[in-house]
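Peer 1: have a look at this prediction, sequence included:
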Amino acid sequence: MASQARIRAAAEPDLEAMTGLIARLFALEPDFHFDPVRVRHGLALLLAREETAALWVAELDGRVIGLCTAQIVISTAEGGPVAWLEDLVVSPDQRGRGIGRLLLESVANWATRRGLTRLQLLADHGNEAALSFYRRMGWQLTRMICLRLQPGE
Ligand SMILES: CC(C)(COP(=O)(O)OP(=O)(O)OC[C@H]1O[C@@H](n2cnc3c(N)ncnc32)[C@H](O)[C@@H]1OP(=O)(O)O)[C@@H](O)C(=O)NCCC(=O)NCCS
């Protein structure tokens with residue numbers, strides 16, 4: 001029953017709860033080490049980027065039970081702005097109740113309003129549950145893979 005959950009723009013008082021949810025997310029993604037100070041700082045930076053980023057929380061009975069963040073970049077292929085969906089997580093006790101769908105709908109509506117022509121995201125190979133969820137939500141796998149370099153090391 002997602003009807004009682006409310007999706008709204010995230011704000012500074014949500015940062016602690018959001019950081020706690022991202023700990024849950026990173027536990028599923030071995031590529032990322034969870035550091036609460038860094039995560040909180042990253043979320044605060046996103047909140048300050050009103051023009052190029054957006055953050056949503058799902059709230060139920062005054063409790064933050066889910067979040068999603070997105071950031072705009074320019075795609076040369078599209079010849080215009082697209083967005084990366086950076087974080088999406090629902091509290092374990094609230095999964096399977098339509099909250100993830102509501103959060104993705106908020107992202108899609110925002111993308112449409114902003115004239116973004118593509119949404120994209122990275123997911124862990126082994127996160128079958130998330131990959132099934134995204135498939136169900138109409139997202140398609142691509143041939144691209146992710147590479148990274150830590151400059152200066
Ligand atoms: C992935 C996640 C965000 C989905 O959120 P959720 O609130 O549980 O999903 P919903 O209840 O909104 O499900 C939406 C649809 O996807 C389907 N779905 C959800 N999880 C699924 C799964 N594991 N397998 C198959 N379908 C699934 C639902 O059945 C539903 O379909 P329907 O509306 O047609 O009935 C949530 O499970 C989560 O937080 N997982 C851990 C963090 C994570 O992996 N995030 C993604 C990182 S890339």
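Peer 2: Good, I have the coordinates. What you see is a predicted model; the values in this text were computed from it and never measured. Residues are numbered from 1 along each chain as shown.
Peer 1: which parts of this structure sit against the ligand?
Peer 2: Applying Cβ under 6 Å from any ligand atom, one finds that the chain approaches the ligand through 25, 28, 88-90, 95-101, 121, 123, 127, 129-130, 132-133, 136. No exception for glycine: its C-beta is placed from N, CA and C like everyone else's.
Peer 1: so the residue of the chain found nearest the ligand, which of the three states?
Peer 2: Distances between the chain and the ligand by Cβ to the nearest ligand atom are smallest at residue 100, namely 2.3 Å. Counting by DSSP: H, G, I helix; E, B strand; the rest coil, the backbone at residue 100 sits in helix.
Peer 1: cool, and residue 77?
Peer 2: Classified using three-state DSSP, residue 77 is coil.
Peer 1: check which residues of the host helix or strand of residue 89 are buried.
Peer 2: Element membership for residue 89 (DSSP states H and E) is strand 80-90. Buried positions in strand 80-90, judged by neighbour count with 16 or more other Cβ atoms under 10 Å: 81-83, 85-90.
Peer 1: quick one, helices of the chain?
Peer 2: 15-26, 36-48, 99-114, 128-136 (DSSP state H).
Peer 1: output the ones you listed as a markdown table; include the columns mean pLDDT and mean neighbour count.
Peer 2: What follows is the helices of the chain, written out as a markdown table (pLDDT from 0 to 100; neighbours: other Cβ atoms under 10 Å):
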| stretch | mean pLDDT | mean neighbour count |
| --- | --- | --- |
| helix 15-26 | 97 | 18 |
| helix 36-48 | 98 | 15 |
| helix 99-114 | 98 | 17 |
| helix 128-136 | 98 | 14 |
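Peer 1: I'd like those helices written out as TSV, with distance to residue 153 added.
Peer 2: Converted to TSV, the helices of the chain look like this (distance: least, Cβ to Cβ, whole Å):
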stretch	distance to residue 153
helix 15-26	21
helix 36-48	17
helix 99-114	33
helix 128-136	29
